[in-house]
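*Asks:* got a sequence here, can you model it:
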Amino acid sequence: MIDRQILSDNELVKNYLSGDFTSLEFLINRYKDKVFSYILINVKNHHLAEDIFQDTFIKVVKSLNLGKYTDNGKFISWVMRIAHNLIIDHYRREKNMNTYSNDGSDVDLFNSQRFSEDNIEDLIINEQILNDVRLLVDELPDDQRQVVIMRHYLGLSFKEIADQTDVSINTALGRMRYALINLRKIITEKGLSLTKS
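*Replies:* Numbers count the residues shown, from 1 in each chain. You can find the predicted model right below:
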């Protein structure tokens with residue numbers, strides 16, 4: 001019996017292409033949380049995120065079957081790029097249709113009272129701080145916002161960010177630096193306090 005835990009992404013891909021469908025299922029499970037979180041943070045709508053998540057892995061399977069994935073050791077970067085492109089496609093379609101979603105609120109879905117034993121006051125304050133930070137991040141230029149989300153919300157390394165955005169590590173680091181400078185400037189201009197006290 002194969003221990004898929006110890007297999008690399010590319011070994012699992014090869015096994016899938018050789019007819020082992022369980023290897024693909026294992027590979028999807030390995031990254032589903034990271035991919036879904038990335039989509040949800042960008043579209044801010046749980047149902048839409050689920051649709052794009054499904055479309056992402058449908059495209060992954062089709063692309064694998066058509067031999068469009070090359071063995072370069074960057075499977076998750078490739079999957080995230082597909083998800084990213086589908087998010088962009090969604091916004092382009094929405095813009096062309098000139099429609100707007102009422103579900104674009106910045107409520108933190110994971111900071112719900114039913115998942116917490118904090119008192120209601122702490123919960124409200126924490127939620128407000130998270131919402132304020134997310135709103136501030138939304139004010140950043142696209143390239144800076146993308147790096148902040150990938151680094152602080154998805155936990156990607158700067159190398160992974162550089163790979164997924166097709167820039168050098170120095171450029172990714174520079175974008176983060178400018179993002180932090182801009183966030184400080186926005187916080188000062190708005191006179192915000194992002195603490196519980």
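
*Asks:* with just CA atoms, put stretch 50-59 into CSV.
*Replies:* Output of stretch 50-59 as CSV, limited to C-alpha atoms (Å, rounded to 0.1, in the frame of the first residue of the first chain):
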residue,chain,number,x,y,z
GLU,A,50,-17.2,27.6,-3.3
ASP,A,51,-18.1,28.0,-7.0
ILE,A,52,-14.6,29.3,-7.9
PHE,A,53,-13.0,26.7,-5.8
GLN,A,54,-14.8,23.9,-7.7
ASP,A,55,-14.0,25.5,-11.0
THR,A,56,-10.4,25.7,-10.0
PHE,A,57,-10.1,22.0,-9.4
ILE,A,58,-12.2,21.1,-12.4
LYS,A,59,-9.7,23.1,-14.5
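
*Asks:* got a list of contacts for it?
*Replies:* Contacting residues not belonging to stretch 50-59 are listed as 28, 32, 35, 36, 39, 43, 79, 82, 83, 86, 87, 90 [Cβ atoms under 8 Å, 6 or more residues apart in numbering]. To be clear about C-beta, it is placed using only N, CA and C from the backbone, and glycine gets the same treatment.

*Asks:* helices - which of the residues you listed land there?
*Replies:* Those of the contacts of stretch 50-59 mapping onto helices are 28, 32, 35, 36, 39, 43, 79, 82, 83, 86, 87, 90, per DSSP state H.

*Asks:* low-confidence ranges in the chain?
*Replies:* 1-2, 71, 73, 95-132, 153, 192-197 (pLDDT under 70).

*Asks:* who's in contact with the spatially most central residue of the chain?
*Replies:* Nearest to the geometric centre of the chain sits residue 38, at 1.4 Å (Cα atoms, centre = their mean). Residue 38 is in contact with 80, 83, 84, 149, 150, 153, 154, counting by Cβ under 8 Å, 6+ apart.

*Asks:* swap the cut-off to 10 Å and go again
*Replies:* Residue 38 sits next to 31, 49, 52-53, 56, 79-80, 83-84, 87, 149-150, 153-154, 156, 164 when contact means Cβ atoms under 10 Å, 6 or more residues apart in numbering.

*Asks:* the ones in helices among the contacts of stretch 50-59, buried ones only, as a ChimeraX selection?
*Replies:* Buried members of these, defined by 16 or more other Cβ atoms under 10 Å, are picked up in ChimeraX with:
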select :28,35,36,39,43,79,82,83,86,87,90
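
*Asks:* nearest to residue 175 among the ones in helices among the contacts of stretch 50-59?
*Replies:* Relative to residue 175, the closest of the ones in helices among the contacts of stretch 50-59 is residue 87; by Cβ to Cβ it sits at 18.5 Å.

*Asks:* quick check, that closest one in contact with residue 45.
*Replies:* No - using Cβ atoms under 10 Å, residue 87 is not in contact with residue 45, being 11.2 Å away.
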